[in-house]
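Visitor: one predicted model, sequence on top.
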Amino acid sequence: MKLAKREKYFVTIAACAIALFLIVQYLIMPFFAKRDRLQKGIKLKEAGLAEMVKLSAEYKSLQEGSQSMEQLIARREKGFTLFTFLERAAGEVGVKERIKYMKPSTSKGTGPYKESMVEMKLEGITLAQLAGYLHRVELPQKAIIIKRISVKENVREAGSLEAVVQALTYE
């Protein structure tokens with residue numbers, strides 16, 4: 001088949017265009033697509049690594065807190081119970097006779113420690129007595145915290161308060 005020079009020119013251009021299309025479609029585009037996937041994968045791995053570093057730091061701080069908790073518990077006197085501690089503190093502050101009830105409870109915490117909690121109700125106390133009692137009871141050096149407190153005015157005695165206090169410690 002004899003083609004004219006002009007037709008040979010168009011056939012050559014068409015063949016070059018098809019070859020260029022095939023090279024772009026099957027060599028260059030997959031290269032860029034794979035590069036994009038790899039870059040996204042790298043970003044995900046970096047985010048995962050950052051999360052692992054953050055969790056590692058949090059774990060170390062919790063571990064240090066656990067060791068300090070062990071030290072606090074070890075420093076307590078032998079036979080320490082939250083119930084007797086709260087009762088003794090009430091006697092020292094002068095509100096022992098105002099205790100309506102004391103309810104001790106224990107539960108297994110999320111860690112290696114057992115939570116010991118006492119809920120107590122004080123009736124007919126003044127604000128100064130309550131503040132003094134709370135000051136004497138909440139002791140971070142003995143790992144005793146006030147978890148919840150509810151204070152309201154006592155309707156039977158004018159100028160006095162009713163307080164429900166939940167104290168918590170770990171054993």
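Guide: Cool, got the structure.
Visitor: after the helix or strand hosting Leu72, next one along is what?
Guide: According to DSSP states H and E, Leu72 maps onto helix 29-75. Going down the chain from helix 29-75, the next helix or strand is helix 82-93, by DSSP H and E.
Visitor: contact partners of that following helix?
Guide: 96, 98-99, 102, 104, 116-118, 120, 122, 129, 132-133, 136-137, 142, 144, 167-169 (Cβ atoms under 8 Å, 6 or more residues apart in numbering). C-betas here are computed from N, CA, C, even on glycine.
Visitor: go with 7 Å
Guide: Here helix 82-93 makes contact (Cβ atoms under 7 Å, 6 or more residues apart in numbering) with 96, 99, 102, 104, 116, 118, 120, 129, 132-133, 136-137, 144, 167, 169.
Visitor: ditto for stretch 94-110
Guide: Residues outside stretch 94-110 that contact it (Cβ under 7 Å, 6+ apart): 83, 86-87, 90, 114-125, 129, 133, 170.
Visitor: filter these to the buried ones?
Guide: Burial by neighbour count, 16 or more other Cβ atoms under 10 Å: within the contacts of stretch 94-110 this picks out 86-87, 90, 115-120, 122-125, 129, 133, 170.
Visitor: which members of the residues you listed are positioned in strands?
Guide: Mapping the buried ones among the contacts of stretch 94-110 onto strands (DSSP state E) picks out Glu115, Ser116, Met117, Val118, Glu119, Met120, Leu122, Glu123, Gly124, Ile125, Tyr170.
Visitor: so where's this protein shaky on pLDDT?
Guide: 65-67, 109-111 (pLDDT under 70).
Visitor: mark out where each domain of it begins and ends.
Guide: Using automatic domain parsing, the domain parsing of the chain gives 1-75, 82-170.
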